[in-house]
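S.K.: Pasting the sequence and the predicted coordinates here, then a few questions.
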Amino acid sequence: DLQGKHQASAIYEHSYRERKSLQLETEQWIRQAIARDWLVPYLQPLVDFDTCTIRGYEVLTRIEHPQRGLISPGQYIKIAEKTGLIVPLTEVLIEKAIKIAQSPELNQQHQDPFRLSINISAKQFHQRSLPSQLAKQLKSANIDPHRIKVELTESDVMENIDAAVGIIENFQSYGIKVALDDFGTGYSSLAYLRQLPLDIIKLDRSIVSGVTENERQSAIVEMILLLAKRINMQVIVEGIETSHEYHYLRKLGASWGQGYLFAKPLPQSEIITKIPAIVKQ
Ligand code: C2E
Ligand code: CA
Ligand code: CA
Ligand code: CA
């Protein structure tokens with residue numbers, strides 16, 4: 001009926017307008033974050049299981065809004081992509097990542113040069129100058145490109161395989177490693193291993209959690225680890241939350257991981273460089 005229709009469209013318009021204004025507000029925050037230096041790289045340790053050491057960090061970006069507090073990437077990355085602001089945002093981040101890589105304190109606390117990984121959005125695959133730009137910045141900062149890794153998300157890569165192959169090879173030609181993020185969340189994850197010249201895959205938390213209770217899940221993870229070993233691809237297991245998961249994954253053959261068990265993403269001032277003793281037992 002007509003009244004029902006009116007009501008429905010009123011509700012629709014209402015929520016549409018709300019969404020629109022939230023989007024505009026977020027866009028404003030991103031612009032301000034870039035202009036006023038509110039972008040903060042949080043760092044999550046990458047753990048080498050064999051030596052029980054922290055070998056690097058993933059850069060996970062937050063906006064520290066002076067009034068609103070911490071704004072997480074889930075809230076703004078999509079909008080940054082849609083508006084093109086992801087390009088200047090990534091530029092700022094790369095500058096900040098380079099400073100972190102150079103940090104004398106952090107370097108002093110690591111035996112080997114620690115690595116950093118940076119998330120790159122698919123919206124930047126067409127930005128052909130990105131790999132050479134990054135390489136140039138690393139060179140002038142005197143940072144070995146082998147210390148830097150870029151992470152591309154599986155669902156993004158799926159949308160444009162050819163562009164993805166191009167950018168992956170381009171990064172690699174400068175010695176920058178490429179990881180496929182969120183591996184195992186798509187429909188044809190195995191096909192990517194064949195099509196993409198990757199260095200690293202990151203096993204998504206969704207196929208890792210439950211691994212200790214679910215026989216099937218556990219068999220799948222074990223199979224991926226074996227397969228990766230055979231084709232010389234490094235696997236990083238994401239989202240390890242309990243020591244039970246950690247020990248179980250080690251038994252399955254995992255040797256690299258990240259997760260709240262070791263540390264949450266933290267600002268540089270709070271970063272840890274050794275894994276908590278309790279984890280090693
Ligand atoms: P991601 O790259 O898959 O990062 C992993 C996410 O899982 C992070 O969320 C991290 O905080 C969270 N995480 C880490 N360990 C655990 C754990 O043990 N348990 C659970 N439940 N979660 C864990 P975050 O920081 O909110 O980032 C969300 C996504 O936003 C990232 O997913 C990444 O795709 C994107 N992102 C973050 N920073 C950037 C950036 O600078 N540029 C771009 N393009 N994307 C970014
Ligand atoms: Ca990532
Ligand atoms: Ca991931
Ligand atoms: Ca993710």
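M.R.: Sure thing, it's come through. As the structure is a computational prediction, the values presented were derived from the model and not from experiment. Ligands and ions are numbered 1, 2, ... in the order given.
S.K.: Could you find the closest non-adjacent residue to G253?
M.R.: Spatial nearest neighbour of G253, chain neighbours left out: L225 (4.2 Å); criterion: C-beta to C-beta, 6 or more residues apart in numbering. In this view, the C-beta of every residue, glycine as well, is placed from N, C-alpha and C.
S.K.: Give the rounded mean pLDDT of the helix or strand encompassing the one you found.
M.R.: Per DSSP states H and E, L225 falls inside helix 215-230. In this model, helix 215-230 has a mean pLDDT of 93.
S.K.: Then stretch 166-186?
M.R.: Rounded to a whole number, the mean pLDDT of stretch 166-186 is 93.
S.K.: do the same with stretch 89-102
M.R.: 97.
S.K.: Report whether that stretch contacts ligand 2.
M.R.: No - Stretch 89-102 stays clear of ligand 2 (C-beta under 5 Å from the ion), getting no nearer than 12.8 Å.
S.K.: What residues of that stretch count as buried?
M.R.: Using 16 or more other C-beta atoms under 10 Å as the test for burial, stretch 89-102 gives 89-90, 92-94, 96-98, 100-101.
S.K.: How about L252, nearest residue that isn't a chain neighbour?
M.R.: E222 (4.6 Å).
S.K.: Settle this for me: the one you found is touching G253, isn't it.
M.R.: Yes - the pair E222 and G253 passes the contact test of C-beta atoms under 8 Å, sitting 6.6 Å apart.
S.K.: what about the residue nearest to L252, distance to ligand 3?
M.R.: In this view, E222 and ligand 3 are 20 Å apart by C-beta to the ion, to the nearest Å.
S.K.: Neighbours of that residue, how many?
M.R.: 16 (other C-beta atoms under 10 Å).
S.K.: what does the stretch 101-250 of the chain put close to ligand 2?
M.R.: Proximity of the stretch 101-250 of the chain to ligand 2 (C-beta under 5 Å from the ion) is limited to residues 119, 151, 181.
S.K.: Can you point out the buried residues in the helix holding L225?
M.R.: 217-218, 221-222, 224-225, 228.
S.K.: just the strands in the stretch 1-150 of the chain please.
M.R.: For the stretch 1-150 of the chain, applying DSSP state E, counting those that start in this stretch gives strands covering 39-48, 53-65, 69-71, 115-120, 148-153.
S.K.: can I get these in TSV with mean neighbour count?
M.R.: As requested, the strands of the stretch 1-150 of the chain are exported to TSV (neighbours: other C-beta atoms under 10 Å):
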stretch	mean neighbour count
strand 39-48	21
strand 53-65	20
strand 69-71	13
strand 115-120	21
strand 148-153	22
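S.K.: Can you check the pLDDT for whatever residue of the stretch 1-150 of the chain ends up closest to ligand 2?
M.R.: Nearest residue of the stretch 1-150 of the chain to ligand 2: N119, at 4.7 Å (C-beta to the ion). pLDDT, N119: 96.
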